[in-house]
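K.L.:
what's the 3D shape of this:
(one chain, ligands or ions: 2)
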Amino acid sequence: GGKGRTLVLGCVLHFLDDPGDAAENGPWELFERGALVVEDGHVAWVGDRDALPPRHRGGVVVDYGDRLVVPGFVDCHVHYSQVDVIASYGRQLLDWLQTYVFPVESQFGDANHARKIAGFFLDRLLACGTTTASVFPTVHTESVDAFCAEARRRELRMLCGKVLMDREPFAPPFLRDPDVDTARAQTLELVDRWHGVGRLGYSLTPRFAPSSTEAMLRMVGELRAQRPDLWLQTHLAENTAEVKLVHELFGGRSYLDVYDRHGLLGPRSLYAHCIYIDDQDRARLAETGSAIAFCPTSNLFLGSGLFDLHHARAAGVAVGLGTDIGAGTSYSILQTLNEAYKALALQGQPLSGHRGFYLATLGGAQALDLTDRIGNFSPGKEADFVVLDWNATPELARRTRVAKTFTERLFALMTLGDDRAVHATHVLGRRHHSTHTIPIPAGR
Ligand code: GUN
Ligand code: ZN
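P.N.:
Numbering: from 1, shown residues only. Ligands and ions are numbered 1, 2, ... in the order given. The predicted structure is shown next:
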């Protein structure tokens, strides 16, 4: 037996729901001597290795010792076109876009350039344990083709779609849709080329309200209504100057209301940042099934503000994590959690290791409406997972050794971990990234 079967041994953790503040007996499964059975790229069984049913035995064994095996990380908001923007000094959002982002994004009409950057970007994600992301390219169709081709080569589950931008000055002449009809035609052509191809999904991507005309937002709302199988991604209420500008341009009760009245809310609609929203906005996001991407390294780096996780979750809004490269400062979801903890600590909202790893995995899958495919190790799901090393750095090794409980160790890993803690990343069961040669014991 064992054709196309791999038995992965390690300390296995996955989530069935949001653990909230629970430190014990939350909605997760932890198998310290765990086993994950992968058959033809999908999870066939997960549990304690001593309880492995005979029908799942046989095949290749990969023994990761006491390393932590968790579902692949989900990055709910990131710009692959901003690889070379990361760590640009001294501006807040609107100036930062004009000064640093737009000149860099203008190069993505060049297919070769786009392809090179997409390859670099995806390899960095894999090195950090991220296997699914919701990704902004640029306004150029070439930037979508390049990204989707590179994601497909790596067999990654990814969401992406051409950026739509047609209003000055946040769509400058060198980075702008010529008109709404062309933007619609290009979008539909890319949907045909990539949506549902392999593991790719298409996201309608109006950059944000200030770079959109009413006609563009209306067009996106029409497409969204015609094609509820597509995703939608944009930015919402990131910065106070941006919020003020949106009010001047569009009026309305709130920033969210501008998107709402164009029909952009609903399942598979993903809003990045959401710092300056109120309870009415949260209720509206929740009742429409829209989701939020929480991007702490970006929010701190651009001095944007502090996202209120507690009130978003209490209102019932799905929340995932975003690195938001290039405003964000790390490709690592572990580092993103480290910063999330600090941003929340400033608001008196502690974030446990368990809740952090939930947000990084199942929470992200819920925000992207991908729980039928990824997010945990329920049998039948795609076997994307990451193997983390408790001893990756001297400080992490010391801290996890003196920790008395698994809960403490998990929090230390979330706080001190980064790409150095990623021992291996598997996509559909196959190892796509590894920092080490892994000895595979024979004859088990
Ligand atoms: N708002 C509109 N465009 C962008 C972008 O590229 N990055 C961030 N962080 N916010 C935006
Ligand atoms: Zn962004």
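K.L.:
Below-threshold pLDDT in the stretch 51-200 of the chain: ranges please.
P.N.:
Applying pLDDT under 70 to the stretch 51-200 of the chain flags no residue at all.
K.L.:
which residues of it fall in strands?
P.N.:
60-71, 73-79, 130-136, 157-160, 163-164, 200-206 (DSSP state E, counting those that start in this stretch).
K.L.:
Quick one: those as CSV, columns for distance to Leu249 too.
P.N.:
In short, each C-beta sits where N, CA and C put it, glycine included. Below are the strands of the stretch 51-200 of the chain laid out as CSV (distance: least, Cβ to Cβ, whole Å):
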stretch, distance to Leu249
strand 60-71, 41
strand 73-79, 23
strand 130-136, 21
strand 157-160, 27
strand 163-164, 16
strand 200-206, 14
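K.L.:
Can you name the residues of the stretch 151-300 of the chain that neighbour ligand 2?
P.N.:
Residues of the stretch 151-300 of the chain lying near ligand 2 by Cβ under 5 Å from the ion: Ala272.
K.L.:
could I get stretch 297-308 in CSV with only the CA atoms?
P.N.:
Extracted as CSV, the C-alpha positions of stretch 297-308 are listed here (Å, rounded to 0.1, in the frame of the first residue of the first chain):
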residue,chain,number,x,y,z
THR,A,297,3.7,45.9,10.7
SER,A,298,2.3,48.2,8.0
ASN,A,299,0.1,50.1,10.4
LEU,A,300,3.0,50.8,12.7
PHE,A,301,5.6,51.5,10.0
LEU,A,302,3.4,54.1,8.2
GLY,A,303,2.2,55.5,11.5
SER,A,304,-1.4,54.7,10.4
GLY,A,305,-2.9,53.7,13.7
LEU,A,306,-4.0,50.7,15.8
PHE,A,307,-6.5,48.1,14.5
ASP,A,308,-9.1,47.1,17.1
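K.L.:
Report the buried residues of that stretch.
P.N.:
Residues Thr297, Ser298, Asn299, Leu300, Phe301, Leu302, Ser304, Gly305, Leu306, Phe307, Asp308 are the ones in stretch 297-308 that count as buried (16 or more other Cβ atoms under 10 Å).
K.L.:
ok, now stretch 133-145?
P.N.:
133-145.
K.L.:
rewinding a little: ok, which pair from the buried residues of stretch 297-308 is furthest apart?
P.N.:
Phe301 and Asp308 (18.6 Å; Cβ to Cβ).
K.L.:
Arg176 against Leu164, yeah?
P.N.:
No. Arg176 lies out of contact with Leu164 (Cβ atoms under 8 Å); the separation is 9.9 Å.
K.L.:
Overlap in contacts, those two.
P.N.:
Taking Cβ atoms under 8 Å, 6 or more residues apart in numbering as the criterion, Arg176 and Leu164 both touch Val139.
K.L.:
which of these two has more neighbours?
P.N.:
Leu164 (26 against 18; other Cβ atoms under 10 Å).
K.L.:
now the more buried one: how far from Gly252?
P.N.:
Note on Leu164: its distance to Gly252, by Cβ to Cβ, to the nearest Å, is 20 Å.
K.L.:
Repeat that for Asp110.
P.N.:
38 Å.
K.L.:
cool, and Phe170?
P.N.:
From Phe170 to Gly252 the distance is 18 Å (Cβ to Cβ).
K.L.:
who's more crowded, these two?
P.N.:
Phe170 (22 against 15).
K.L.:
Name the residues of the stretch 301-444 of the chain found near ligand 1, please.
P.N.:
Within the stretch 301-444 of the chain, the positions lying close to ligand 1 (Cβ under 6 Å from any ligand atom) are Asp324, Ala327.
K.L.:
Which residue lies closest in space to the residue in the stretch 301-444 of the chain positioned nearest to ligand 1, excluding its sequence neighbours?
P.N.:
Relative to ligand 1, the nearest point of the stretch 301-444 of the chain is Ala327 (3.7 Å; Cβ to the nearest ligand atom). Among residues not flanking Ala327 along the chain, Ser298 sits closest, at 3.9 Å (Cβ to Cβ, 6 or more residues apart in numbering).
K.L.:
C-terminal to the helix or strand that contains the one you found, which secondary structure element comes first?
P.N.:
Assigned by DSSP states H and E, Ser298 belongs to helix 296-301. Scanning forward in sequence from helix 296-301 by DSSP H and E, the next helix or strand is helix 309-314.
K.L.:
Show me which positions of that next one end up buried.
P.N.:
Quick answer for helix 309-314 (16+ other Cβ under 10 Å): Leu309, His310, Ala312, Arg313.
K.L.:
How about stretch 23-30?
P.N.:
For stretch 23-30, by 16+ other Cβ under 10 Å, it's Gly26, Trp28, Glu29.
K.L.:
what sits against Ala241?
P.N.:
Ala241 neighbours (Cβ under 8 Å, 6+ apart): Gln92, Leu93, Leu94.
K.L.:
mind listing what Asp18 touches?
P.N.:
Pro27, Arg313, Arg355, Tyr358, Leu362, Gly363.
K.L.:
Among those residues, which lie within strands?
P.N.:
Applying DSSP state E to these, no entry is found in strands.
K.L.:
ok, of those residues, which one's closest to ligand 2?
P.N.:
Checking these against ligand 2 by Cβ to the ion gives Gly363 as the nearest, at 18.4 Å.
K.L.:
got a list of what the closest one touches?
P.N.:
Here Gly363 is in contact with Phe15, Asp18, Val74, Ala318, Val319, Gly320, Leu321 (Cβ under 8 Å, 6+ apart).
K.L.:
just these that are near ligand 2?
P.N.:
By Cβ under 5 Å from the ion, no member of those lies near ligand 2.
K.L.:
Alpha carbons only: can I get stretch 387-404 in PDB?
P.N.:
What follows is stretch 387-404, C-alpha atoms only, in PDB (Å, rounded to 0.1, in the frame of the first residue of the first chain):
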ATOM      1  CA  VAL A 387       7.300  22.900  10.000                       C
ATOM      2  CA  LEU A 388       8.600  25.200  12.800                       C
ATOM      3  CA  ASP A 389      11.700  24.700  14.800                       C
ATOM      4  CA  TRP A 390      11.600  25.500  18.600                       C
ATOM      5  CA  ASN A 391      15.400  25.700  18.500                       C
ATOM      6  CA  ALA A 392      15.900  28.000  15.500                       C
ATOM      7  CA  THR A 393      17.800  30.700  17.300                       C
ATOM      8  CA  PRO A 394      19.700  30.700  20.600                       C
ATOM      9  CA  GLU A 395      17.200  33.000  22.300                       C
ATOM     10  CA  LEU A 396      14.200  30.900  21.100                       C
ATOM     11  CA  ALA A 397      15.900  27.700  22.100                       C
ATOM     12  CA  ARG A 398      16.600  29.000  25.700                       C
ATOM     13  CA  ARG A 399      13.100  30.400  26.000                       C
ATOM     14  CA  THR A 400      11.200  27.400  24.800                       C
ATOM     15  CA  ARG A 401      13.400  25.100  27.000                       C
ATOM     16  CA  VAL A 402      12.600  27.000  30.200                       C
ATOM     17  CA  ALA A 403       8.900  27.300  29.300                       C
ATOM     18  CA  LYS A 404       6.800  25.100  31.500                       C
END
